[in-house]
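In: Let me see the structure of the following:
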Amino acid sequence: MAVRWTNVRSALAATLTALTCAWATTSGAQDLTFVRIATGATGGTYFPVGGLIASAISNPPGSRECALGGSCGVPGLIAAVVATEGSVENVVAVAGSRMELALTQADVAYFAYHGRGQFALGEPLENLQAIANLFPEAVQLIVRRGGGIETVADLEGQRVSLGEHQSGTLVVARSVLDAFDLEEADLKQDYDKVGKAGDKLALGELDAFFVVGGVPTEGVTYTAEGTDIALVHIKGPEVDDLRKSYPFYGAEIIPAGTYPGVDVTVTLKVGTQLVVSASMDEETAYGITRALWHENNRKLLDSGHPNGKQMERHKALDGIAIPLHPGAKRFYDEIGLAPAEEGG
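Out: Below you'll find the predicted structure:
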């Protein structure tokens, strides 16, 4: 179950207050900087990956020096992860200065910055800027095997969960439906977390559900262990046109056996990105970017969540469709990393 915002704020405030008091008595000479990283549901991909990032960029007073095998984070910086509903909530929180950092899908960042899609009715979030591209997420459409749904077009009239209301999954699901000339009103739509959607599928209360995440996605694996599932291919000329319109969507192949009994699946992928507000000072953003990609943090990323292994510095600018924060840009300029060509 995702942690509620009120509980998270209370717990986070109490924790940070205690830490501040403790470190103020032992190392008052060093300034402390606290940053919050908006992630996703505790059972999803973003929350544990956010924990890895928090560990990589944090460097509390009294930590062992980086050169001696200690923290290689930003001196005096302490990062904490916060559970949320996902990408949409995250970019709004960063743009509104309620969070300092956030994980989000590339498409959500793009639509938010340009005031398109789900953000078309409000003001564009033009203070949203990028730190890095992190890893790809697969668009997964899960059904019961033999249930009669073999293509996206077959979803018409079916009971389908499109993801939570503030999630990136919902944004992608809407894009996929639109590509196949379907609307939410054409479905018996539901808006569940992946775990709840999987339970409903197993009980026969849903016919399909979307999830966007690194594979294998824990909630889908859990569902597959007790229910005979299949993944629907998301491919064809409709998807080709979608990718031409939005180059941050790429082609993805989910290998056979990723989930028990599930064959190879052709689908879409979208990048997960780390974003900040333009109001973050350049030195802090530079330090966070440098710490994230510090060579000594490679072991941390590789030994944590499986998606940590996919976080590679040479891919840090892939699929970035919003402005880079000047502090991040400074770091990439220093190492000679240029944006990748679109459409790759």
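In: residue ranges of the strands in the stretch 101-250 of the chain, please?
Out: For the stretch 101-250 of the chain, applying DSSP state E, counting those that start in this stretch gives strands covering 101-105, 128-144, 159-161, 188-190, 208-213, 229-231, 249-254.
In: Show me the helices in this protein, by range?
Out: 5-27, 46-57, 87-95, 106-114, 168-179, 194-202, 218-226, 237-245, 282-292, 298-303, 326-335 (DSSP state H).
In: Let me have those in JSON lines, extended by mean neighbour count, mean pLDDT and distance to residue 271.
Out: Bear in mind the C-beta positions are built from the backbone N, C-alpha and C, glycine included. JSON lines is the format used below for the helices of the chain (neighbours: other Cβ atoms under 10 Å; pLDDT from 0 to 100; distance: least, Cβ to Cβ, whole Å):
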{"stretch": "helix 5-27", "mean neighbour count": "12", "mean pLDDT": "42", "distance to residue 271": "26"}
{"stretch": "helix 46-57", "mean neighbour count": "24", "mean pLDDT": "95", "distance to residue 271": "13"}
{"stretch": "helix 87-95", "mean neighbour count": "27", "mean pLDDT": "96", "distance to residue 271": "11"}
{"stretch": "helix 106-114", "mean neighbour count": "26", "mean pLDDT": "96", "distance to residue 271": "4"}
{"stretch": "helix 168-179", "mean neighbour count": "24", "mean pLDDT": "95", "distance to residue 271": "11"}
{"stretch": "helix 194-202", "mean neighbour count": "22", "mean pLDDT": "95", "distance to residue 271": "19"}
{"stretch": "helix 218-226", "mean neighbour count": "19", "mean pLDDT": "92", "distance to residue 271": "20"}
{"stretch": "helix 237-245", "mean neighbour count": "13", "mean pLDDT": "95", "distance to residue 271": "13"}
{"stretch": "helix 282-292", "mean neighbour count": "22", "mean pLDDT": "98", "distance to residue 271": "15"}
{"stretch": "helix 298-303", "mean neighbour count": "14", "mean pLDDT": "93", "distance to residue 271": "16"}
{"stretch": "helix 326-335", "mean neighbour count": "17", "mean pLDDT": "98", "distance to residue 271": "15"}
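In: of these, which approaches residue 210 most closely?
Out: Closest to residue 210 of those, according to Cβ to Cβ: helix 168-179, at 4.3 Å.
In: ok, and what's touching that closest one?
Out: Outside helix 168-179, the residues that touch it by Cβ atoms under 8 Å, 6 or more residues apart in numbering are 86-88, 104-105, 107-108, 111, 117-118, 139, 141, 152, 155, 162-164, 183-184, 186-187, 191, 210-212, 234, 238-239, 241-242, 246, 249, 268, 270.
In: Show me which of those residues are buried.
Out: The neighbour count (16 or more other Cβ atoms under 10 Å) marks 86-88, 104-105, 107-108, 111, 117-118, 139, 141, 152, 155, 162-164, 187, 191, 210-212, 234, 238-239, 242, 246, 249, 268, 270 as buried among the contacts of helix 168-179.
In: Pretty sure residue 273 sits against residue 130.
Out: Yes - here residue 273 reaches residue 130: they are 5.7 Å apart, a contact under Cβ atoms under 8 Å.
In: Overlap of the contact sets of these two?
Out: Common contact partners of residue 273 and residue 130 (Cβ under 8 Å, 6+ apart): 109, 320.
In: So for the two, which residue has more residues nearby?
Out: More crowded of residue 273 and residue 130, by other Cβ atoms under 10 Å: residue 273, with 29 against 25.
In: Distance of the more buried one relative to residue 169?
Out: When distance is defined by Cβ to Cβ, to the nearest Å, residue 273 is 16 Å away from residue 169.
In: Output stretch 308-328 as PDB, nothing but the C-alphas.
Out: The C-alpha atoms that make up stretch 308-328 are tabulated as PDB, following Å, rounded to 0.1, in the frame of the first residue of the first chain:
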ATOM      1  CA  GLY A 308      19.800   0.500 -11.100                       C
ATOM      2  CA  LYS A 309      22.000  -1.600 -13.300                       C
ATOM      3  CA  GLN A 310      20.400   0.100 -16.300                       C
ATOM      4  CA  MET A 311      21.400   3.600 -15.100                       C
ATOM      5  CA  GLU A 312      24.400   4.400 -17.200                       C
ATOM      6  CA  ARG A 313      26.200   7.800 -17.500                       C
ATOM      7  CA  HIS A 314      26.600   7.600 -21.300                       C
ATOM      8  CA  LYS A 315      22.800   7.400 -21.600                       C
ATOM      9  CA  ALA A 316      22.000  10.200 -19.200                       C
ATOM     10  CA  LEU A 317      20.800  12.600 -21.900                       C
ATOM     11  CA  ASP A 318      18.800  10.000 -24.000                       C
ATOM     12  CA  GLY A 319      15.200  11.100 -24.500                       C
ATOM     13  CA  ILE A 320      15.500  14.400 -22.600                       C
ATOM     14  CA  ALA A 321      12.700  16.600 -24.000                       C
ATOM     15  CA  ILE A 322      12.700  19.400 -21.500                       C
ATOM     16  CA  PRO A 323      15.500  21.800 -20.700                       C
ATOM     17  CA  LEU A 324      18.400  20.600 -18.600                       C
ATOM     18  CA  HIS A 325      19.100  22.300 -15.300                       C
ATOM     19  CA  PRO A 326      22.200  24.600 -15.800                       C
ATOM     20  CA  GLY A 327      24.000  22.700 -13.000                       C
ATOM     21  CA  ALA A 328      23.400  19.400 -14.700                       C
END
